[in-house]
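[1] What follows is a predicted protein model with its sequence.
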Amino acid sequence: MTTSNINGRDTLVDADPATPILWALRDTLGMTGTKFGCGAAQCGACTVHLDGVAIRSCVTPMSEAVGKKLTTIEAIGGDKVGKAVQNAWVAHDVAQCGYCQSGQVMSATALLKGNKKPSDADIDAAMAGNICRCGTYARVRSAIHAAAATLA
């Protein structure tokens with residue numbers, strides 16, 4: 001059992017502290033917005049924020065979240081930057097199958113929180129760990145630029 005701040009609320013998580021955050025969120029708490037993709041931190045589908053940093057929840061144990069703020073896709077729209085990213089995603093019709101999108105949005109939000117006006121190279125570097133089988137990378141880049149412009 002651990003207590004973690006998840007989406008702004010202290011939450012008791014009835015899971016072994018060694019349980020990956022992904023499975024504690026999905027299986028224990030029923031928060032299914034964060035997706036399982038590869039289980040090896042290679043695809044980015046499981047991306048969440050830990051103290052504002054984009055991390056891969058499939059390989060990060062719950063013990064790492066103790067005393068830190070964990071933010072998931074379920075709450076990212078409550079944040080000004082996260083909401084701008086979500087709106088840009090819709091406006092630029094980024095999602096096709098949608099499976100990778102929660103991880104993509106989380107990575108894009110973390111990027112824009114640290115870099116208000118990213119270049120294409122900045123975006124490519126920040127998003128490199130997020131795989132989209134549908135190949136919407138150009139739309140992802142356009143949406144991130146649009147969100148940055150909205151926030152400027």
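    Yep, that arrived. Predicted model only: the values in this text are computed from it and were never measured.

[2] list the contacts for Arg133?
    If a contact means Cβ atoms under 8 Å, 6 or more residues apart in numbering, then Arg133 has 97, 99-100 as its contacts. Heads up, the C-betas are built off the backbone N, CA and C, glycines and all.

[3] where does it fall, phi/psi-wise?
    Note on Arg133: backbone dihedrals following degrees, to the nearest 10 are phi -70, psi -20.

[4] For this structure, which segments count as helices?
    21-23, 73-76, 80-91, 101-114, 120-127, 137-151 (DSSP state H).

[5] and those helices as TSV, adding distance to Asn7, mean neighbour count and mean pLDDT?
    Shown next, in TSV, are those (distance: least, Cβ to Cβ, whole Å; neighbours: other Cβ atoms under 10 Å; pLDDT from 0 to 100):
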stretch	distance to Asn7	mean neighbour count	mean pLDDT
helix 21-23	13	24	98
helix 73-76	4	21	98
helix 80-91	11	19	98
helix 101-114	12	24	97
helix 120-127	22	15	97
helix 137-151	21	19	97
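
[6] Out of those, the one nearest Gln42 is which?
    Gln42 sits nearest to helix 101-114 of all the helices of the chain, at 11.4 Å, using Cβ to Cβ.

[7] Restricting to C-alpha, output the closest one in PDB.
    The C-alpha trace of helix 101-114 is given here as PDB (Å, rounded to 0.1, in the frame of the first residue of the first chain):
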ATOM      1  CA  GLN A 101      -2.700   9.700 -28.000                       C
ATOM      2  CA  SER A 102      -2.800   9.900 -24.300                       C
ATOM      3  CA  GLY A 103       1.000   9.400 -24.200                       C
ATOM      4  CA  GLN A 104       1.500  11.800 -27.000                       C
ATOM      5  CA  VAL A 105      -0.600  14.500 -25.300                       C
ATOM      6  CA  MET A 106       1.300  14.000 -22.000                       C
ATOM      7  CA  SER A 107       4.700  14.300 -23.700                       C
ATOM      8  CA  ALA A 108       3.600  17.300 -25.700                       C
ATOM      9  CA  THR A 109       2.300  19.000 -22.500                       C
ATOM     10  CA  ALA A 110       5.600  18.300 -20.700                       C
ATOM     11  CA  LEU A 111       7.500  19.800 -23.600                       C
ATOM     12  CA  LEU A 112       5.500  23.000 -23.700                       C
ATOM     13  CA  LYS A 113       5.700  23.500 -20.000                       C
ATOM     14  CA  GLY A 114       9.500  23.600 -20.300                       C
END
